[in-house]
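A.B. asks: Provided below for reference: sequence and predicted model.
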Amino acid sequence: MIMETAFIDVTPGSEAEFEAALETAKGIVAQAHGFQVIHVHRGIERPHTYMLAIGWDTLEDHVQGFRESELFSQWRAAIGPFFANPPHVEHWNLFE
């Protein structure tokens, strides 16, 4: 499994609306091939910043599968309007 992290700054004052839209978006990404889990964290010092951690079977499931699919378009349509700037996305190998 790989972990995608996305740091998202939302427009200050839109946090409640973003969180509501994120509930819809979580149902969208959960339909993607290779999706395993999503965790959402909200910043304490910066409450308009969120960290999403999404587990995927493979990097390709995220980069080629989800990102190039209609599901990604739906995901972005649900939460993209709240972005103050583009998310910072990275991928991580998990080891134990």
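C.D. replies: Arrived safely, thanks for sending.
A.B. asks: use CA for all of it now, contacts and neighbours both
C.D. replies: Fine.
A.B. asks: can you pull out the strands in the chain?
C.D. replies: Along the chain, the stretches classed as strands by DSSP state E are 2-9, 35-42, 49-56, 88-93.
A.B. asks: mean neighbour count and distance to Val63 for those strands - can I get that in JSON lines?
C.D. replies: Shown next, in JSON lines, are the strands of the chain (neighbours: other Cα atoms under 10 Å; distance: least, Cα to Cα, whole Å):
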{"stretch": "strand 2-9", "mean neighbour count": "20", "distance to Val63": "10"}
{"stretch": "strand 35-42", "mean neighbour count": "15", "distance to Val63": "12"}
{"stretch": "strand 49-56", "mean neighbour count": "20", "distance to Val63": "10"}
{"stretch": "strand 88-93", "mean neighbour count": "12", "distance to Val63": "10"}
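A.B. asks: save these as a markdown table, and put in distance to Glu70 too.
C.D. replies: Output for these, formatted as a markdown table (distance: least, Cα to Cα, whole Å):
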| stretch | distance to Glu70 |
| --- | --- |
| strand 2-9 | 19 |
| strand 35-42 | 15 |
| strand 49-56 | 17 |
| strand 88-93 | 19 |
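A.B. asks: list just the one of those strands that sits closest to Val29.
C.D. replies: The closest of these to Val29 is strand 35-42. By Cα to Cα, the value is 7.2 Å.
A.B. asks: so for the closest one, mean pLDDT?
C.D. replies: When pLDDT is averaged along strand 35-42, the result is 98.
A.B. asks: now stretch 61-77
C.D. replies: 97.
A.B. asks: and what of stretch 49-58?
C.D. replies: Stretch 49-58 comes out at a mean pLDDT of 98.
A.B. asks: buried sites along the longest helix along the chain?
C.D. replies: Taking DSSP state H as the assignment, the helix of the chain that covers the most residues is helix 15-29. When burial is assessed from 16 or more other Cα atoms under 10 Å, helix 15-29 yields the following buried residues: 15, 18-19, 21-22, 25-26, 28-29.
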